[in-house]
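Engineer: need the 3D shape of this:
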Amino acid sequence: MSPMQRVNEYVFRRRDSLLSRPDLLWKIESGFVRSLTWNENGDVATLGIWGEGDLVGQPFSTLQPYQIECLTPVNAIALTFPRYCPPEALLRYIQQTEKLLSITHTKQSRDRVLKLLEWLANRFSHDHPSGRVITVRLTHQTLSELTGTTRVTVTRLLSELEKQGKITRLRRHQILLHT
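Structural biologist: This next block holds a predicted model:
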C-alpha cells in the first residue's frame with residue numbers, strides 16, 4: 001500500500017461505529033467488527049464479522065441503513081475507494097458473505113448455530129488440544145442476529161451443544177469448538 005493510499009489510522013473502542021461513506025473502506029488491523037443493517041421495525045441483521053486483514057465498508061454494500069460496529073477495541077486504517085481495493089480482498093469479502101448466507105439458509109436452528117460456530121472457528125480461532133477456541137467474543141444477541149433466531153433460542157442451543165460435548169464455554173465468553 002503506497003503512502004498516498006493510506007488516509008489515516010484510527011483506534012476505536014468496543015461499540016464504536018466506523019464512519020460509512022461510499023468512498024471509504026476500512027482495513028482492520030486488530031480487533032473485530034460487524035457490518036449490520038436493520039429493517040423498519042428495528043430488527044438488526046448482522047451482515048458479517050470481520051477481523052485482522054479484512055476490508056469492510058459501504059462501497060461493498062447497497063444496503064441502507066449500513067453500519068460497522070466494533071465488537072472489541074479496534075485499530076483500523078481508512079482507505080480511499082476505489083483507489084485502494086485489491087481484488088483478493090474483494091474476493092475474500094464475497095466468499096465470507098456467501099458462506100454466511102448459506103448458513104442462514106440452514107433449516108434447523110440448532111444446525112445453523114453449529115455451522116456458525118464452525119465458520120467462526122475457521123475464521124477467528126486458535127488451536128487447543130481439544131479443538132479450536134473462537135477468539136471473537138459474541139453476545140447471544142449477536143449470535144441470534146447472525147442466525148435469524150431469538151436470543152433465548154441461542155442460549156438454549158448453546159446449553160444443548162455443551163451438554164452434548166460439542167462445545168465448552170470458557171471464561172471470558174470464549175467458546176471451544178471440539179473437533
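Engineer: and the residue positioned nearest the centre of the chain, helix, strand or coil?
Structural biologist: For the chain, the residue nearest the mean C-alpha position is residue 49 (1.0 Å; CA atoms, centre = their mean). Secondary structure, DSSP: H, G, I helix; E, B strand; the rest coil: residue 49 is strand.
Engineer: got the CA positions of the longest helix belonging to the chain in PDB?
Structural biologist: Counting by DSSP state H, the longest helix found in the chain is helix 87-104. Taking Å, rounded to 0.1, in the frame of the first residue of the first chain, the C-alpha atoms of helix 87-104 are listed here in PDB:
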ATOM      1  CA  PRO A  87      -9.000  -8.000  -5.900                       C
ATOM      2  CA  GLU A  88      -8.100 -10.600  -3.300                       C
ATOM      3  CA  ALA A  89      -9.700  -8.600  -0.500                       C
ATOM      4  CA  LEU A  90     -12.900  -8.200  -2.500                       C
ATOM      5  CA  LEU A  91     -12.900 -11.900  -3.300                       C
ATOM      6  CA  ARG A  92     -12.400 -12.800   0.300                       C
ATOM      7  CA  TYR A  93     -15.300 -10.400   1.300                       C
ATOM      8  CA  ILE A  94     -17.600 -12.000  -1.300                       C
ATOM      9  CA  GLN A  95     -16.600 -15.600  -0.200                       C
ATOM     10  CA  GLN A  96     -17.200 -14.900   3.500                       C
ATOM     11  CA  THR A  97     -20.500 -13.200   2.800                       C
ATOM     12  CA  GLU A  98     -21.600 -16.100   0.700                       C
ATOM     13  CA  LYS A  99     -20.700 -18.600   3.400                       C
ATOM     14  CA  LEU A 100     -22.700 -16.700   6.000                       C
ATOM     15  CA  LEU A 101     -25.700 -16.500   3.600                       C
ATOM     16  CA  SER A 102     -25.600 -20.300   3.200                       C
ATOM     17  CA  ILE A 103     -25.500 -20.700   7.000                       C
ATOM     18  CA  THR A 104     -28.600 -18.500   7.400                       C
END
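Engineer: in that helix, what's buried?
Structural biologist: For helix 87-104, burial by neighbour count (16 or more other CB atoms under 10 Å) applies to 89, 93, 96, 100, 103. Placement of C-beta: from N, CA and C, glycine included.
Engineer: the residue nearest to the centre of the chain pairs with what?
Structural biologist: Legend: beta-bridge partners of residue 49 under DSSP bridges are residue 34.
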